[in-house]
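[1] Take a look and give me a structure for this.
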Amino acid sequence: MRKILKFSLVTLLIISLAILITGCGTNNGGKGADSKIYKILNKTFSSGDYIVTLEGNVDIGEGLENGTITLAIRGEDIYMDIDATTDHMSIMYKDDTTYIISHEDKMYMTSEGKDEELFEEDDNLAIFSIEDLNDMAEAHYTIGKEDVNGTEYDYEEFKDEETGVSDKYYFSGEDLIYIKTINENGEEDIMKVIKLSPELDDSIFNVPAGYEKFEV
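    Modelled structure (predicted):
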């Protein structure tokens, strides 16, 4: 079960960085409040409860693998999951208890309270805040078309001229399909959007039936 702890810390980092927003920009274009992505994110994150699932290359500490990462927030409850080629693990906090779950082993362990190592900085869990949304509404964005994996999509791009970091959001009609982050060195990281919703099934916060509790 020690591997779960290492794996979960990496998961926390990945998810906290998976969706970024550059809060300022000087590109000529529309105002953020009029963009498709602003309307989608405002609807998803404004209530504070949401689920996000992204697919792409994830680093579980032993190199990149294809997989999905999920973050779900419901009030004080937190659920994070990474399902990669070689591992599938989750961490969860609810009812003042931290859960570490190995789906591969069908086992879980618990600790009282919110584990300080796993949840050291709660700010990392807030993918978007009301302040982020307000900044995005005032930012400028540009639009264009670009091929991703053989299909052409419309995109909206928010770029921070000071840092050179930009985020591109790719759409099919009104549906968000991909998110690409381009850093100041031009390096790209793209994730496919599997789910982005303010509605989530409460069952996600339950340990799967049949899993054995691991006693330390």
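[2] Need phi/psi at Glu184.
    With angles defined as degrees, to the nearest 10, Glu184 sits at phi -70, psi -20.
[3] how much space between the closest residue to it other than its chain neighbours and Ile40?
    Excluding the flanking residues, the one nearest Glu184 by CB to CB, 6 or more residues apart in numbering is Gly164, at 3.9 Å. C-beta here means a position set from N, CA and C on the backbone, and glycine is covered the same way. To Ile40, Gly164 is 25 Å away according to CB to CB, to the nearest Å.
[4] Between these two, which is the more surrounded one?
    Ile40 (18 against 13; other CB atoms under 10 Å).
[5] residues in contact with the more buried one?
    Leu176, Leu196 (CB atoms under 8 Å, 6 or more residues apart in numbering).
[6] and it, that one's in a strand?
    No: going by DSSP: H, G, I helix; E, B strand; the rest coil, the assignment for Ile40 is helix, not a strand.
[7] where's Tyr141 relative to Thr70, distance?
    27 Å.
[8] Show me what the helix or strand hosting Thr53 pairs with in its sheet, parallel or antiparallel.
    For Thr53, the host element (DSSP states H and E) is strand 50-59. Sheet pairing of strand 50-59 (DSSP bridges) gives strand 64-74 (antiparallel), strand 188-197 (antiparallel).
[9] Out of these, which one sits most buried?
    strand 64-74 (a mean of 18; mean count of other CB atoms under 10 Å).
[10] export it as PDB, just CAs?
    This file holds the C-alpha atoms of strand 64-74, laid out as PDB (Å, rounded to 0.1, in the frame of the first residue of the first chain):
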ATOM      1  CA  LEU A  64       4.200   8.800 -18.900                       C
ATOM      2  CA  GLU A  65       1.200   6.500 -19.500                       C
ATOM      3  CA  ASN A  66      -2.100   7.000 -21.200                       C
ATOM      4  CA  GLY A  67      -4.900   7.300 -18.600                       C
ATOM      5  CA  THR A  68      -7.700   9.300 -17.100                       C
ATOM      6  CA  ILE A  69      -7.600  11.600 -14.100                       C
ATOM      7  CA  THR A  70     -10.800  12.500 -12.200                       C
ATOM      8  CA  LEU A  71     -11.500  15.200  -9.600                       C
ATOM      9  CA  ALA A  72     -14.900  15.400  -7.900                       C
ATOM     10  CA  ILE A  73     -15.800  18.000  -5.200                       C
ATOM     11  CA  ARG A  74     -19.000  17.900  -3.200                       C
END
